[in-house]
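Predicted model, plus sequence, below.
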Amino acid sequence: MPDQDQDLAKKWGETWAKAGPRLEAVRRRELREMTYEQRIRAIDSVLQIAARPGRPRTSSGLVEQQRLFQKARR
């Protein structure tokens with residue numbers, strides 16, 4: 001990795017090391033300050049995502065797994 005990219009990656013890491021705890025504090029405060037109705041809506045939206053039907057499977061994936069194992073063996 002070139003020095004410039006390393007410097008950028010290091011700066012990015014330092015930035016997130018500082019921002020991460022601050023963002024977590026904001027998230028926790030916002031969750032604490034939610035009203036009962038807001039909590040119900042948030043929970044409902046998550047449950048709606050989980051309740052969506054997925055695409056039907058056309059296979060179990062076993063054939064693909066075996067193909068990958070055979071490829072890795074070579």
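Cool, got the structure. Residues are numbered from 1 along each chain as shown.

ok, residues contacting stretch 21-31?
Taking contacts as CB atoms under 8 Å, 6 or more residues apart in numbering, no residue outside stretch 21-31 touches it. The way it works is simple: take the backbone N, C-alpha and C, and place the C-beta from them, glycine included.

Report the backbone C-alpha coordinates of that stretch in PDB.
What follows is stretch 21-31, C-alpha atoms only, in PDB (Å, rounded to 0.1, in the frame of the first residue of the first chain):
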ATOM      1  CA  PRO A  21     -18.300   6.800  20.700                       C
ATOM      2  CA  ARG A  22     -20.000  10.200  20.000                       C
ATOM      3  CA  LEU A  23     -22.300   8.600  17.500                       C
ATOM      4  CA  GLU A  24     -23.100   5.800  19.900                       C
ATOM      5  CA  ALA A  25     -24.000   8.400  22.600                       C
ATOM      6  CA  VAL A  26     -26.300  10.200  20.100                       C
ATOM      7  CA  ARG A  27     -28.000   6.900  19.200                       C
ATOM      8  CA  ARG A  28     -28.500   6.000  22.800                       C
ATOM      9  CA  ARG A  29     -29.900   9.400  23.700                       C
ATOM     10  CA  GLU A  30     -32.300   9.300  20.700                       C
ATOM     11  CA  LEU A  31     -33.500   5.900  21.700                       C
END
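
Quick check: mean pLDDT of that stretch?
Here stretch 21-31 scores 96 as its mean pLDDT.

chain center to it: distance?
Chain-centre distance of stretch 21-31: 17 Å, with CA atoms, centre = their mean, to the nearest Å.
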